[in-house]
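> below: sequence and its predicted model.
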Amino acid sequence: MPIATVNRIIKNALPNNTQVAKDVKSLFSKAAGIFIIYLSTHANEICQERKKSTISAQDVLAAVREIEMEDFLPSLEKYLEEYRASNATKKRSKAAAKATGTPTNASGSPSAGGSSSKKQKTAP
């Protein structure tokens, strides 16, 4: 995990006056990577038991239960719900913009001024 991401997580999780040594930030980064491997291995095992080849959100949530970290489930489920709602909104915005010919930005919202910073594809 990038140190910048670790720094942002630490900054949001700890009181402002808390100092964290540089080597500890690196250690957090390594620990996060190990946890991701551990959780993904459990999710993959669940996926294989279900005779599936693609790990889904439900497989990851089941893996969280399996490794006995149920306390995190409510926040993970809330995040997943918000993520899916956000993606659905972006998808609807893009579809509506496409139907009306309005360019959209990366978030799926109409671009300011009606022009896009990306080159528009032209039909051959």
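That came through, no problem.
> from now on I want contacts and neighbour counts done on CA atoms only, so please keep to that.
Noted.
> residue closest to the middle of the chain?
For the chain, the residue sitting closest to the mean C-alpha position, by Cα atoms, centre = their mean, is Y83 at 7.6 Å.
> tell me, how many residues neighbour S56?
By other Cα atoms under 10 Å, the residues close to S56 number 13.
> need the contact list for it.
By Cα atoms under 8 Å, 6 or more residues apart in numbering, the contact set of S56 is C47.
> how about it, phi and psi?
Dihedral pair for S56: phi -110, psi 170, per degrees, to the nearest 10.
> tell me the confidence at the residue nearest to the centre of the chain?
Note on Y83: pLDDT of 94.
> please begin residue numbering at 35 from this point
Right, with 35 as the first residue, what we last looked at is Y117.
> that's a strand at it, yeah?
No: with DSSP: H, G, I helix; E, B strand; the rest coil as the criterion, Y117 is helix rather than part of a strand.
> okay, now the unreliable bits of the chain?
138-158 (pLDDT under 70).
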